[in-house]
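Student: below are the sequence and a predicted model for it; my questions follow.
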Amino acid sequence: MKHLILKKTRSEDHSTSKKYTIRYGDELNAEQLQAVMHDTGAALIIAGAGTGKTRTLIYRVARLIEDGVQPETILLLTFTRKAAAEMLRRAAHLLDGRCEAVSGGTFHSFSHGILRRSAQHLERYGFAPNFSVLDQSDAEDVVNLLRAQVVGSPDAEKRSKRRFPRKQALFDIISTSVSCCKSIEAVIKADYPHYEQETPDILQLARLYETYKRRHNLMDYDDLLAMLLRLCTENADLRRELQTQYRYIMVDEYQDTNQLQHDLVLQLAGNHENVMAVGDDAQSIYAFRGANVENILRFPDAFRHCAIIKLEQNFRSTQPILSLTNEIINRSSVGYAKNLYSLKSGASLPAIIRTDNEQQQSQLIVQQILELREQGIPLAEIAVLVRSGFHSFDLEVELQRANIPYQKFGGFKFVETAHVKDIIAHLRVIANPKDAVSWNRILLLLEGVGPRTASKVIDALTDGVVSLDAPQNLNALVKGDENIRRLFAMLAQAAANTDHVGEIAWRIIEYYRPILKKKYDDYHKRLKDVETFGGIAERYRSVNALLSDMAIDPPVESVEDIAAAPKDEELLTLSTIHSAKGLEWNTVFVLWLLDGRFPPVRAFDTVETLEEERRLLYVACTRAKERLLLTYPMNIFDRESGMVLSKISRFIEGIPEEFADYFQVSVE
DNA sequence: GCTAAAAATGTTTTT
DNA sequence: CATTTTTAGC
């Protein structure tokens, strides 16, 4: 009789049937594994907060590459460029350097890249290959310029006694119309009914805006997406080229895509349908800029066979935190049924803390942070989240006093400060001499030049009566032209040397320095920003590349890079909730849970805006791993509504004590 | 026509 | 609170 050997069998799925260097089966749970092993065809991954969504994406990238997929044919679209870079870095760490060759970025940076690459196709839409990119405030400035053409001078506007929308509202109407693929009329009707009688003029303004952008060769954010979409739709060759190049598409945060982005995905995935959408409908927080939750909810309808995978096990937070966040989101009238569970038991319940006033709130947080640090929680594992950038001003003062170094995300970025924008305007004029908005900005900086003179000079420039190299004719135009001549000379000299971006920037800075000194009393602080910019500029090889980057993915650091913290020192994170998306910390504070502040009074009116606020709070609370503290100061006067706010946020009002511990501050 | 000081306004969140 | 608008003065 033969000797029998018992060989262990196991149900082998394809994760183990092939030879992978990564042991997917051991490192992922069943649902994650299913997503990672998903091969061709469409798939929708509904991934609740903290369920390992990023991990799943990273492993799928690695898995595809292990299976021999060319990295370049994978396209990973994320919400920020930082997120994409971080994911690919982690994938490379997991597998190898091939992962870094994956194409990744935001929809905007991706579109921008393609448009530059295929710039010759743009001419039929009226754009030249060297178009520049407008950020939001640039675009608003253009609209403002055109606004004057439509309504006439401020005097005329006043005389006719009408209230034509401000630049911001106007631009918002135009932008919403483009990014939601709706007509201007429909947008006004839905979002700005009080401006309905102004519809004809708004329409005219929108037309002027389109013409202006083409004449001056400028694209705004929406154009980047809209133009690529048009190219794909109308140019079959290019579409096929893109479809061939990007065989595997993955889109993160799908709940925050707008119509344009969704349509773009449909075009790109058109023939192969290898597209994986990942997201969480409960975390949709960008409706205000045209994001449409329907895109994720109805994603399966767009494809014949769409796999749907749900990730529901949360690996981030303790069960008490999840119980509270489930409670918060399940009170929604819209009714997303969310029931995340966790195997991590937690010692303590989340805390809901009432303070007497704002200052006490700040002091309490500082004190808590100091205590946590003593308990051994590093500052880097603590975050303070706020609804709006300015909600943390008072706390920032308190933090500085206590010498707690922090890093702030969201709110003002340094490219948005007036002085950095001034420098950028000079560069833009060099890159694109037709850029009237930038001309206007830099001319007004000059002593003795007001709106009148500026517009005269700009007209002369546009008509070619004067130019950088030929400033002679200025004499006839303006009296004190010394400053303008100096400006022209400087720009001409700088422009002569276009291969050295850093040098151009420093020349401008040198020229600008006296202006800065005169204009602001906090000269030194601002000069530092300007010099930082000079340093950044040195890294670029063309002015256009620098300018596009500043518009599309500017440095995220906010202005106040406080406390001169040594490089590797642990920093506390201060962030808006929007900028905290996708991140996590051991301990999270959420401030201002006061009805009227969060949610803000202006969100009271409609269910949609109110629900978005609720999801925002949900996003904030689900960032916490072990400790969650919600605070609200009492009796705050709100000038917006003229009311004294004294009620706890409706989102957590009446939460039973089984979900949270209630505290009130008492002074010793 | 420009500037600077005073008054009003509106006010997220971000690519 | 910071930007924008109005007003007064040069």
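Tutor: Nice, I can see it.
Student: and the longest strand anywhere in chain A, which strands flank it?
Tutor: Counting by DSSP state E, the longest strand found in chain A is strand A:624-633. Sheet pairing for strand A:624-633, assigned by DSSP bridges, gives strand A:351-355 (parallel), strand A:585-590 (parallel).
Student: only alpha carbons, please: show the longest helix along chain A as CSV.
Tutor: The residue-count maximum for a helix in chain A (DSSP state H) belongs to helix A:501-519. The C-alpha atoms that make up helix A:501-519 are tabulated as CSV, following Å, rounded to 0.1, in the frame of the first residue of the first chain:
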residue,chain,number,x,y,z
VAL,A,501,11.9,82.1,-15.3
GLY,A,502,13.6,82.7,-12.0
GLU,A,503,15.5,85.7,-13.3
ILE,A,504,12.3,87.2,-14.7
ALA,A,505,10.5,86.8,-11.4
TRP,A,506,13.4,88.3,-9.4
ARG,A,507,13.6,91.2,-11.7
ILE,A,508,9.9,91.9,-11.2
ILE,A,509,10.2,91.4,-7.4
GLU,A,510,13.1,93.9,-7.3
TYR,A,511,11.0,96.4,-9.3
TYR,A,512,7.9,95.7,-7.1
ARG,A,513,9.6,96.0,-3.7
PRO,A,514,9.3,99.8,-3.4
ILE,A,515,5.6,99.6,-4.3
LEU,A,516,5.1,96.9,-1.7
LYS,A,517,6.8,99.0,0.9
LYS,A,518,4.6,101.9,0.2
LYS,A,519,1.4,100.0,-0.1
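Student: roughly how far is the next helix or strand after that helix from the heart of the chain?
Tutor: As assigned by DSSP states H and E, the chain's next helix or strand after helix A:501-519 is helix A:523-537. On the basis of C-alpha atoms, centre = their mean, to the nearest Å, helix A:523-537 sits 23 Å off its chain's mean C-alpha point.
Student: where does A:Asn440 fall, secondary structure wise?
Tutor: Here A:Asn440 sits within helix A:436-444, counting by DSSP H and E.
Student: let me know the average pLDDT across that helix.
Tutor: In this model, helix A:436-444 has an average pLDDT of 87.
Student: pLDDT on the helix or strand that it is followed by, on average?
Tutor: Note on helix A:436-444: by DSSP H and E, the next helix or strand toward the C-terminus is helix A:451-463. Regarding helix A:451-463, the rounded mean pLDDT is 82.
Student: ok, now which ones touch A:Ile22?
Tutor: Neighbouring residues of A:Ile22 by C-beta atoms under 8 Å, 6 or more residues apart in numbering: A:59, A:62-63, A:66, A:94-95. The way it works is simple: take the backbone N, C-alpha and C, and place the C-beta from them, glycine included.
Student: narrow the residues you listed to those in helices?
Tutor: If you go by DSSP H, the contacts of A:Ile22 have A:59, A:62-63, A:66, A:94 in helices.
Student: you'd agree A:Phe637 is in a helix?
Tutor: No: under DSSP: H, G, I helix; E, B strand; the rest coil, A:Phe637 sits outside any helix and is assigned strand.
Student: run through the bridge partners of it.
Tutor: For A:Phe637, the beta-bridge partners are A:Val644 (DSSP bridges).
Student: what's the local residue count around A:Cys99?
Tutor: 24 (other C-beta atoms under 10 Å).
Student: ok, now A:Asp67?
Tutor: Neighbour tally, A:Asp67, other C-beta under 10 Å: 12.
Student: may I have the helix holding A:Asn440 as PDB, with CA atoms only?
Tutor: Written as PDB, here are the backbone C-alpha positions of helix A:436-444 (Å, rounded to 0.1, in the frame of the first residue of the first chain):
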ATOM      1  CA  ALA A 436      -6.100  93.400 -20.000                       C
ATOM      2  CA  VAL A 437      -7.000  92.300 -16.500                       C
ATOM      3  CA  SER A 438      -3.400  92.000 -15.500                       C
ATOM      4  CA  TRP A 439      -2.500  95.200 -17.200                       C
ATOM      5  CA  ASN A 440      -5.200  96.900 -15.200                       C
ATOM      6  CA  ARG A 441      -3.900  95.500 -12.000                       C
ATOM      7  CA  ILE A 442      -0.300  96.500 -12.400                       C
ATOM      8  CA  LEU A 443      -1.000  99.900 -13.900                       C
ATOM      9  CA  LEU A 444      -3.100 100.800 -10.900                       C
END
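Student: let me see the ranges of the strands in the stretch 151-300 of chain A.
Tutor: Here the stretch 151-300 of chain A has its strands, by DSSP state E, counting those that start in this stretch, at A:218-219, A:248-251, A:275-279.
Student: would TSV of these with mean pLDDT be doable?
Tutor: TSV is the format used below for the strands of the stretch 151-300 of chain A (pLDDT from 0 to 100):
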stretch	mean pLDDT
strand A:218-219	90
strand A:248-251	96
strand A:275-279	95
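Student: tell me which of the ones you listed is the most buried.
Tutor: Looking across these with neighbours counted as mean count of other C-beta atoms under 10 Å, the highest average goes to strand A:275-279: a mean of 26.
Student: partner strands of it and their direction?
Tutor: When DSSP bridges is applied, strand A:275-279 pairs with strand A:42-47 (parallel), strand A:248-251 (parallel).
Student: A:Glu273: which of these is closest?
Tutor: Among these, the nearest to A:Glu273 by C-beta to C-beta is strand A:42-47 (5.1 Å).
Student: on that earlier part again, among the strands of the stretch 151-300 of chain A, which is nearest DNA strand C?
Tutor: Shortest distance between DNA strand C and the strands of the stretch 151-300 of chain A, using C-beta to the nearest atom of the strand, is found for strand A:218-219: 18.7 Å.
Student: among the contacts of A:Ile22, which one lies nearest to A:Val530?
Tutor: Nearest to A:Val530 among those is A:Leu94, at 40.6 Å by C-beta to C-beta.
Student: the closest one and A:Arg55, how far apart?
Tutor: For A:Leu94, the distance to A:Arg55 equals 10 Å [C-beta to C-beta, to the nearest Å].
Student: and what of A:Asp252?
Tutor: 12 Å.
Student: and for A:Leu115?
Tutor: A:Leu115 is 33 Å from A:Arg55, by C-beta to C-beta.
Student: find the closest residue to DNA strand B in the stretch 501-650 of chain A.
Tutor: Closest residue of the stretch 501-650 of chain A to DNA strand B, C-beta to the nearest atom of the strand: A:His578 (3.5 Å).
Student: what score does that residue have for pLDDT?
Tutor: Predicted confidence (pLDDT) for A:His578: 90.
Student: any part of stretch A:458-468 near DNA strand B?
Tutor: No: figure legend: stretch A:458-468 not in contact with DNA strand B (C-beta under 7 Å from any atom of the strand); closest approach 11.9 Å.
Student: ok, stretch A:429-440 near DNA strand C or not?
Tutor: No: judged by C-beta under 7 Å from any atom of the strand, stretch A:429-440 and DNA strand C are separated, with a smallest distance of 12.4 Å.
Student: give the buried residues for that stretch.
Tutor: For stretch A:429-440, burial by neighbour count (16 or more other C-beta atoms under 10 Å) applies to A:429-433, A:435-440.
Student: which intervals of the stretch 251-400 of chain A have sub-threshold pLDDT?
Tutor: Applying pLDDT under 70 to the stretch 251-400 of chain A flags the ranges A:333-337.
Student: tell me which parts of it are close to DNA strand B?
Tutor: Counting by C-beta under 7 Å from any atom of the strand, the residues of the stretch 251-400 of chain A close to DNA strand B are A:285-286, A:288-289, A:387-390.
Student: ok, 6 Å please
Tutor: For the stretch 251-400 of chain A, the contact set with DNA strand B under C-beta under 6 Å from any atom of the strand comprises A:288-289, A:388-389.
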